[in-house]
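> Predicted model, plus sequence, below.
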Amino acid sequence: GGAMVADIRRMRDLREDSDLNQTQVAEILGISQTVYSRYERGATELPLRHLVALCRFYNVSADYLLGFINTPNPYRIKYK
């Protein structure tokens, strides 16, 4: 499909590196674990507001989360 989905591995890696399960991240976004699971699998497009929330939570740039660059926070911005 032509839908823009986040770099699936990166979403999962960030979560696992933070020792969080899908339910915990889903709660941060205010969604169900089922919906979050679909984001991680790439089955459902990640809404912009959730992309922003994840960037803030993990303190990484959107470019990194989307897989465009390999530096988590190239601008050294505190997103929180």
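Structure received.

> rest of the way, CA atoms for contacts and neighbours
Noted.

> Using neighbour counts, pick out the buried residues of stretch 26-44.
By neighbour count with 16 or more other Cα atoms under 10 Å, stretch 26-44 contains the buried residues 26, 29, 33, 36-37, 39-42, 44.

> I'd like those residues as CSV, with secondary structure, pLDDT and distance to Ile69 appended.
What follows is the buried residues of stretch 26-44, written out as CSV (DSSP: H, G, I helix; E, B strand; the rest coil; pLDDT from 0 to 100; distance: Cα to Cα, whole Å):
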residue, secondary structure, pLDDT, distance to Ile69
Ala26, helix, 98, 25
Leu29, helix, 97, 24
Gln33, helix, 98, 27
Tyr36, helix, 96, 23
Ser37, helix, 96, 23
Tyr39, helix, 92, 20
Glu40, helix, 91, 19
Arg41, helix, 88, 20
Gly42, coil, 86, 19
Thr44, coil, 89, 22
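
> In terms of helices and strands, where is Asn70?
For Asn70, there is no helix or strand it lies in under DSSP states H and E.

> Next, the contact list for it, please.
By Cα atoms under 8 Å, 6 or more residues apart in numbering, Asn70 lies in contact with Tyr64.
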